[in-house]
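Enquirer: Quick one, what's the 3D model for this:
(one chain, ligands or ions: 1)
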Amino acid sequence: MSSPTDFMSEFTRALEHPGELIDEISQSGKKAIGYFCTYTPVELIHATGAVPVRISGGPMRIDRADGLVPSFVCPYMRAGLERALSGDYENLFGLVQGYSCDVACGMFNVWKGNIPLSFYHILSLPYGDSSSAKLFFEQELKNLTERLADHGLEFSDTALSNSLDIYDDIRLTVLWLYDKRYKGELLLSAGDFYTVIRGVQVTPPERAEKLLSELVSSLKANTEKGSHTQDGTPILVSGSLVEDRSIFDLIERSGGRIVADDLCTGFRYFDPPSGDGKKAVHRLIERSIAHFPCPSRQLAKTRAPLLLDLARRSGARGVVFLIQKFCTPHLTDIPIVGRSLREEGVPYLVIEIEETGVMEGQAATRLQGFFEMIGD
Ligand code: SF4
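Expert: Numbering: from 1, shown residues only. The predicted structure is shown next:
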């Protein structure tokens, strides 16, 4: 049987060379459709026969993108644009974006004006959970299916139901991995864990589902071989997109143990695993509305108790905010969320991520000091 680390190479390749994966999808006769944000209805896109692939950025030097957007745009968005301008996404069929933060939606238009894809679509999302909000969202989804159908991508309720089953299964499996992390029983380093769950977001779902199932079997078999406990001060990591695994490795090397997160590339992508509804589209809508909220979609005073609850359930002794430089939604959240954490006796630390990653030396010193302060 394969060891857990055998699964890393496929996910790592998908993350580091997104263009190769898109080329393979396109050569197989399928259309790859990119998206930035966890609020994009990937199941609906998949139900038309297309393959949804999350756009990757990653730590890199940015040249061409800086000619089109100001440097205060978050590193993830600039790096994704840099990849597109360098040709990584030339075989992408289209781009779909669910309206989240202003930067993501502004970037959608920069792509539209500069990257010649066959299909561009942005859909509005409801802010509440009233019946009229759900009706509005259903109409937005219908508009998307009609536009996809105009491009030869036909949709059916049965296909959507099948796609939801696949994605629900993926999310349940990843949340099982999270549960093992809470308990300190996961035989994966933090860097490997986040490579797996980010890899899932850029791999065709049928393949991701299979790889995850093999990973779980392998983890169970290896766990049975001997008891395993993980060291380090338990912490929760909060923030937006973290694409650089080295920060997770650094946290562990500095004495921390990540037991939970609310990252856009982490827990927020997978929770909740499914939604209820008689019709397939209602399952999709209910799940989307119950989504663990991004600060661009929910008030800080609503997010704060959710974060506190996550910290308590996971046994985290503190919170490390990992924030993309100049990410306004997350940065403006911190004073309010941070005050709530302090009032409940949960200390926190803020680390900013630049386009080339984090400044290791400086971050290591701050992390070590933080873990010493909140540790035993
Ligand atoms: S929420 Fe922040 S990190 Fe995410 S796309 Fe918007 S500005 Fe970038």
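Enquirer: Remind me what whichever strand or helix holds Glu352 packs against, helices and strands.
Expert: Glu352 belongs to strand 348-353 when assigned by DSSP states H and E. Helices and strands touching strand 348-353, by 3 or more CB pairs under 8 Å, 6 or more residues apart in numbering; DSSP states H and E, are strand 318-324, helix 328-343, helix 360-374. The C-beta positions use only the backbone N, C-alpha and C, and glycine is treated the same way.
Enquirer: hey, which of these is tucked in deepest?
Expert: strand 318-324 (a mean of 24; mean count of other CB atoms under 10 Å).
Enquirer: Report the backbone C-alpha coordinates of the strand holding Glu352 in PDB.
Expert: In PDB, the C-alpha atoms belonging to strand 348-353 read as follows (Å, rounded to 0.1, in the frame of the first residue of the first chain):
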ATOM      1  CA  TYR A 348      -3.600  36.200  18.500                       C
ATOM      2  CA  LEU A 349      -0.800  37.100  16.200                       C
ATOM      3  CA  VAL A 350      -1.000  38.700  12.700                       C
ATOM      4  CA  ILE A 351       1.400  37.700   9.900                       C
ATOM      5  CA  GLU A 352       1.300  39.200   6.400                       C
ATOM      6  CA  ILE A 353       2.000  37.200   3.300                       C
END
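Enquirer: gap between it and the chain center?
Expert: 18 Å (CA atoms, centre = their mean, to the nearest Å).
Enquirer: Pull the residues that contact that strand.
Expert: 75, 242, 244, 247, 318-325, 334, 338, 341-342, 358, 363, 366-367, 370 (CB atoms under 8 Å, 6 or more residues apart in numbering).
Enquirer: Take the helices and strands packed on strand 348-353 and lay them out in TSV including mean pLDDT.
Expert: Output for the helices and strands packed on strand 348-353, formatted as TSV (pLDDT from 0 to 100):
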stretch	mean pLDDT
strand 318-324	95
helix 328-343	95
helix 360-374	91
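Enquirer: Distance to Gly67 for these - can I get that in CSV?
Expert: Listed next are the helices and strands packed on strand 348-353 as CSV, based on distance: least, CB to CB, whole Å:
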stretch, distance to Gly67
strand 318-324, 20
helix 328-343, 22
helix 360-374, 29
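Enquirer: Keep only those of the contacts of strand 348-353 that are also close to the ligand.
Expert: Gln324 (CB under 6 Å from any ligand atom).
Enquirer: who's in contact with Leu212?
Expert: Ile170, Thr173, Val174, Val196, Val200.
Enquirer: got the CA coordinates for the helix or strand where it lies in CSV?
Expert: Assignment of secondary structure by DSSP H and E places Leu212 within helix 205-224. Taking C-alpha atoms only, helix 205-224 is exported to CSV below (Å, rounded to 0.1, in the frame of the first residue of the first chain):
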residue,chain,number,x,y,z
PRO,A,205,-13.1,16.0,-8.8
GLU,A,206,-13.4,12.3,-9.8
ARG,A,207,-9.6,12.0,-9.6
ALA,A,208,-9.5,14.0,-6.3
GLU,A,209,-12.2,11.7,-4.8
LYS,A,210,-10.2,8.6,-5.7
LEU,A,211,-6.9,10.0,-4.4
LEU,A,212,-8.5,11.0,-1.1
SER,A,213,-10.1,7.6,-0.6
GLU,A,214,-6.7,5.9,-1.2
LEU,A,215,-5.1,8.4,1.2
VAL,A,216,-7.6,7.7,3.9
SER,A,217,-7.0,3.9,3.5
SER,A,218,-3.3,4.4,3.7
LEU,A,219,-3.6,6.7,6.8
LYS,A,220,-5.8,4.2,8.6
ALA,A,221,-3.4,1.3,7.8
ASN,A,222,-0.4,3.3,9.0
THR,A,223,-2.1,4.5,12.1
GLU,A,224,-2.9,0.9,13.1
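Enquirer: Give me the mean pLDDT for it.
Expert: The predicted model assigns helix 205-224 a mean pLDDT of 88.
Enquirer: next one: stretch 33-50
Expert: Mean predicted confidence for stretch 33-50 is 97.
Enquirer: Angles on the backbone of Val96, please.
Expert: phi -120, psi 140 (degrees, to the nearest 10).
Enquirer: Show me what from the stretch 1-150 of the chain comes close to the ligand.
Expert: Cys74, Tyr76, Met77, Cys101, Val103, Ala104.
Enquirer: For those, name the two members farthest from one another.
Expert: Taking CB to CB as the measure, these span a maximum distance of 10.8 Å, between Tyr76 and Cys101.
Enquirer: Show me which of these two is the more surrounded one.
Expert: Each of Tyr76 and Cys101 has its neighbours counted (other CB atoms under 10 Å); Tyr76 has more, 27 against 22.
Enquirer: what's the distance between the helix or strand of the chain with the lowest mean pLDDT and the middle of its chain?
Expert: Comparing helices and strands within the chain by mean pLDDT, DSSP states H and E singles out helix 205-224 as the least confident, with a mean of 88. Centroid separation between helix 205-224 and its chain, computed with CA atoms, centre = their mean, is 20 Å.
Enquirer: what's the answer for stretch 170-189, then?
Expert: Centroid separation for stretch 170-189 versus its chain: 16 Å, with CA atoms, centre = their mean.
Enquirer: repeat for stretch 163-173
Expert: That offset, for stretch 163-173, works out to 15 Å (CA atoms, centre = their mean).
Enquirer: Please work out the average pLDDT along it.
Expert: In the prediction, stretch 163-173 has an average pLDDT of 98.
Enquirer: Enumerate the positions of that stretch that are buried.
Expert: Buried residues in stretch 163-173, counted by 16 or more other CB atoms under 10 Å: Ser163, Leu164, Ile166, Tyr167, Asp168, Asp169, Ile170, Arg171, Thr173.
Enquirer: Filter the residues you listed down to the ones in helices?
Expert: Ser163, Leu164, Ile166, Tyr167, Asp168, Asp169, Ile170, Arg171, Thr173 (DSSP state H).
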